[in-house]
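**Student:** no sequence for this one, just the structure:
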């Protein structure tokens, strides 16, 4: 019995020694304990990148204009208002075609017929009811110098309102301007990247990513011609309208990620 007790005690001591060795002993390279979760691989200087945003713009004289006019007619009922509107609209279209503005350059923006209840001047009187019909047009003028003639022709032949005049670009010229703006934006981005690389003792070695932040869109010049136009004998004899145009600007922004390496590495 005493021998059996000594044997059990020896086995217990041996087990404790084995556990102590596992807890405090050296670990091998293959041991899970040797893999630290706090270690982060160091980024090589060859993997450096520089992210910049460049902007560019280009401007030129417009070679196109858009004139927005409206024809308005009133009547005691909707049918009469529509008939008067149709007559004035047809007269305006015919007159514009006679000066070289084809049907394909005259598009509808809005068409509306509604009941207009006007407040009476005398207190307690019934409101005056009439119907108002309106047809809004957008006229594309291929030569900005013809804008004044187009406005005068439209007003003398049925147009009652001139909303505004915008000088813009044809599709071909707009694309050319966009290319110039993008080239300027890329040159701006490259200059910024090189300046940052110099400050960090790096050399720009290539381009990793290019993103266009926004598409180049022409900023049209608005002549601000707005308001009602009414035909009177004095207006008919007045000098022709003279609308001055201004430059049209296209702006573009690009985001570029450049690759860079240490200066001594590129030598």
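**Tutor:** Ah, there it is. What you are looking at is a predicted structure, and each value in this text was computed from that prediction instead of being measured. Residues are numbered from 1 along each chain as shown.

**Student:** Residue 196: neighbouring residues, count only.
**Tutor:** The number of residues packed near residue 196 is 16, by other CB atoms under 10 Å. Quick note: C-beta positions are derived from backbone N, CA and C, even for glycine.

**Student:** Assign it to helix, strand or coil.
**Tutor:** With DSSP: H, G, I helix; E, B strand; the rest coil as the basis, residue 196 sits in helix.

**Student:** Could I get the average pLDDT for stretch 166-185?
**Tutor:** Mean pLDDT, computed over stretch 166-185, is 93.

**Student:** For that stretch, buried residues please.
**Tutor:** Neighbour-count burial for stretch 166-185 flags 166-169, 173-174, 177-178, 180-182, 184-185 (criterion: 16 or more other CB atoms under 10 Å).

**Student:** Next, residue 96: phi, psi?
**Tutor:** Main-chain dihedrals, residue 96, degrees, to the nearest 10: phi -70, psi -40.

**Student:** what's the spacing between it and residue 89?
**Tutor:** 11 Å (CB to CB, to the nearest Å).

**Student:** cool, residue 53 as well?
**Tutor:** Computed as CB to CB, the residue 53 to residue 89 distance reads 49 Å.

**Student:** between these two, who's got more neighbours?
**Tutor:** Taking other CB under 10 Å, residue 53 and residue 89 do not tie; residue 89 has more neighbours (21 against 14).

**Student:** surely the more buried one meets residue 135?
**Tutor:** Yes - counting by CB atoms under 8 Å, residue 135 is a contact partner of residue 89 at 5.4 Å.

**Student:** Show me whatever sits in contact with both of those two.
**Tutor:** Contact criterion CB atoms under 8 Å, 6 or more residues apart in numbering; residues shared by residue 89 and residue 135: residue 71.

**Student:** Residue 192 versus the closest residue to residue 210 other than its chain neighbours, what's the distance?
**Tutor:** Distances taken as CB to CB, 6 or more residues apart in numbering place residue 256 nearest to residue 210, at 5.3 Å, with adjacent residues excluded. Using CB to CB, residue 256 is found at 9 Å from residue 192.

**Student:** more neighbours, those two?
**Tutor:** More neighbours surround residue 256 than the other of residue 256 and residue 192, with 21 against 17 (other CB under 10 Å).

**Student:** Can you name the helix or strand that that one falls in?
**Tutor:** In this structure, residue 256 sits in strand 248-262 according to DSSP states H and E.

**Student:** how about the helices in the protein?
**Tutor:** 2-24, 78-98, 147-156, 171-199, 233-236, 263-266 (DSSP state H).

**Student:** that older thread, tell me the strands beside the strand holding residue 256, with direction?
**Tutor:** strand 48-60 (antiparallel), strand 202-219 (antiparallel) (DSSP bridges).

**Student:** Just want the angle from it to helix 171-199.
**Tutor:** Put simply, strand 248-262 runs at 30 degrees to helix 171-199, going by axes from the mean of the first three to the mean of the last three CA atoms, to 10 degrees.

**Student:** And the average pLDDT for strand 248-262 is what?
**Tutor:** Mean per-residue pLDDT for strand 248-262: 93.

**Student:** Report the buried residues of it.
**Tutor:** Using 16+ other CB under 10 Å as the test for burial, strand 248-262 gives 248-254, 256-261.

**Student:** same question, stretch 130-150
**Tutor:** Result for stretch 130-150 [16+ other CB under 10 Å]: buried residues 131-141, 144, 146-150.
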